[in-house]
Structures are given as C-alpha cells and as structure tokens.
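K.L.:
Sequence below, structure please.
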Amino acid sequence: MSEQIDLSGRRALVTGAGRGIGKAIAIRLAAAGADVAVNDLNPETASRTAGEIRALGRRSAALPGNLRSTETVHAICDGAVDALGGVDILVNNAGISLYRSIVDCTEDDWDAHVDGMAKATFLTMRRLAPQMMERGWGRIVNLGSYVAQLNTVTKFFGPYCAAKFAIVGLTQVAAQEFAPHVTVNAIGPGDVATEMMEAEWVQEGERRGIPAAEVKEEYRRRLILEAFEAPDDIAGGVLFLCSPLANHVTASHLVMSGGLPFKQ
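P.N.:
The predicted structure follows:
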C-alpha cells in the first residue's frame with residue numbers, strides 16, 4: 001500500500017463543495033494533482049474553495065447553482081468542461097437533510113431532497129458520462145449514506161432516505177451501463193462532524209425537548225469507533241475510489257460510518 005496516489009492530468013467536478021464533505025473532497029483531489037471545478041449553492045463558498053485549490057497550484061473554477069433543474073446542471077457541467085478542458089472525475093456530493101416526520105413534510109420538502117440529490121445525480125451523470133466513455137476513462141462517485149441499506153433507515157428522514165436509496169440504485173445501474181472504462185461507485189457516510197449534522201442535532205433536540213449537545217452525545221455513543229468522522233475521512237474514501245487502487249471496484253456502496261448501525 002505504499003503507492004502514491006497521483007491524479008495529475010485528471011479533471012474533476014465536485015458538487016456541493018463550498019464547505020463540509022464536498023470541500024474536503026475537492027481539496028483532497030487537488031492535493032493529489034487533479035484540477036477541480038467547484039459547484040455550490042453559495043457563490044461565496046464556491047469561490048473560496050476554488051481559491052484554495054488554485055493555491056495548491058491546480059486549476060479551478062467556481063460554478064455556483066442549484067442542481068435541481070436540467071438547465072442549471074447543463075450549465076455547470078459544461079462550465080466545468082470549458083474551464084478544465086474536460087471532466088474525468090465526477091463527485092455528486094450536493095445534498096440537504098431535514099429532520100421532519102413524513103406527515104409533516106411538504107411536497108416542496110420532498111422535491112428539495114429527491115430533486116436536489118437523486119435527480120441531480122441522474123442529470124450530471126447523463127451529461128458527463130458519455131464524454132468519459134468516449135475518452136476511455138472516468139470515475140464517478142455518488143454520495144450515498146449508511147441509511148441506504150436494508151433495515152438501517154432512520155425515522156424523521158423520509159425524503160432523505162428515499163433520495164439516498166435512489167442514488168445507490170442509480171449507481172449500480174450506471175456502473176453496468178458505463179462499463180468497462182468508467183467506474184461508478186457510491187460512498188456512504190455516517191455521522192460526520194459538519195454544519196449540516198450540527199443542524200440535525202438541533203432539530204432533533206427541539207423535537208424531543210432536550211439540548212442539542214445531549215443528542216450529539218447519544219449519536220457519538222452509538223458508534224463502534226466512538227468518534228465522529230471528519231469530512232476528510234470521507235474525502236479519503238473518495239480519493240481511493242478515484243485512484244488506481246480501485247481500478248476493479250465498481251457498482252459498490254462503500255459505507256464509511258464508524259460502525260453504524262451495528263453497535264448494540
């Protein structure tokens with residue numbers, strides 16, 4: 001395992017890369033030599049990540065926008081191709097998470113999750129995979145979740161769980177259709193210490209009438225490894241799936257959850 005991962009000459013698009021897991025992935029890929037285009041809803045955070053990538057000596061472009069519409073997805077994908085000369089690596093990371101019961105969810109809540117994650121994953125792959133297949137090399141990594149496994153869904157996350165199961169299903173179909181030169185995998189984080197996770201703890205605490213810190217500690221105790229993941233832990237898994245070490249890994253859902261949901 002002494003191989004040095006070198007992605008020099010590769011060009012990546014990472015969605016939702018303004019902060020958290022997406023930013024860590026973008027920085028990891030750039031540190032390994034890839035040029036990286038950055039999408040995020042927030043233009044300021046997208047520009048900030050792009051600037052950090054350029055500081056590493058790699059090319060980058062900030063491509064803000066909401067991935068729920070075909071027109072925006074095409075503009076972002078085409079913008080990445082124009083800025084970098086092509087896209088060899090696609091990481092579908094953008095996502096949201098709302099702690100709310102199914103009966104309290106609105107149709108807009110459903111659309112925000114399913115369109116913003118599952119539909120966006122479909123649209124970006126549809127736009128960029130043909131170019132990868134034509135060139136004879138490509139890596140696609142979609143963000144699944146530990147909840148996208150049988151009997152591990154979490155109540156009050158109905159639209160989120162539905163979207164993540166859809167992403168894993170899309171991943172497995174795409175791996176077959178894009179083979180043999182493009183691998184398609186999903187990576188399933190567990191409880192990662194991010195701003196989005198902190199917001200979930202606040203929402204759950206409000207629902208249960210307890211402090212968010214108490215919810216956080218409950219989450220920590222249920223982990224086999226007894227510690228929350230950092231965004232860079234997930235980024236390391238993505239880097240592996242994009243590297244020659246994973247040349248024969250496709251159609252997988254690599255769950256990186258700190259042991260969820262197995263601790264009794």
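K.L.:
what pLDDT, on average, does stretch 4-15 get?
P.N.:
Confidence over stretch 4-15 (mean pLDDT, whole number) is 96.
K.L.:
who's in contact with it?
P.N.:
If you take C-beta atoms under 8 Å, 6 or more residues apart in numbering as the criterion, stretch 4-15 is touched by 22, 25-26, 29, 32-40, 63, 67, 76-77, 80, 84-94, 120, 124, 128, 239-240, 242-245. To be clear about C-beta, it is placed using only N, CA and C from the backbone, and glycine gets the same treatment.
K.L.:
Now restrict the residues you listed to buried residues only.
P.N.:
22, 25-26, 29, 32-40, 63, 67, 76-77, 80, 84, 86-94, 120, 124, 128, 239-240, 242-243 (16 or more other C-beta atoms under 10 Å).
K.L.:
So which of these belong to strands?
P.N.:
35-38, 89-92 (DSSP state E).
K.L.:
which secondary structure elements does the longest helix anywhere in the chain contact?
P.N.:
With secondary structure taken from DSSP state H, the chain has its longest helix at helix 158-178. Contacts defined by 3 or more C-beta pairs under 8 Å, 6 or more residues apart in numbering; DSSP states H and E place helix 158-178 against helix 107-113, helix 120-135, strand 138-143, strand 182-189.
K.L.:
Give me the angle between that helix and strand 138-143.
P.N.:
160 degrees (axes from the mean of the first three to the mean of the last three C-alpha atoms, to 10 degrees).
K.L.:
hmm, who's touching helix 158-178?
P.N.:
Contact with helix 158-178 is made by 92, 95-98, 101-102, 105, 109-110, 112-114, 116-118, 121-122, 125, 129, 132-133, 138, 140, 142-145, 147-148, 153-154, 183-186, 188, 250-251, 253, as judged by C-beta under 8 Å, 6+ apart.
K.L.:
Are any of those residues buried, and if so which?
P.N.:
By 16+ other C-beta under 10 Å, these give 92, 95-98, 105, 109-110, 112-114, 116-118, 121-122, 125, 129, 132-133, 138, 140, 142-145, 147-148, 153, 183-186, 188, 250-251, 253 as buried.
K.L.:
If I look at the residue positioned nearest the centre of the chain, what pLDDT would I see?
P.N.:
By C-alpha atoms, centre = their mean, the chain has its centre lying nearest to N93, at 2.3 Å. Per-residue confidence (pLDDT) for N93: 98.
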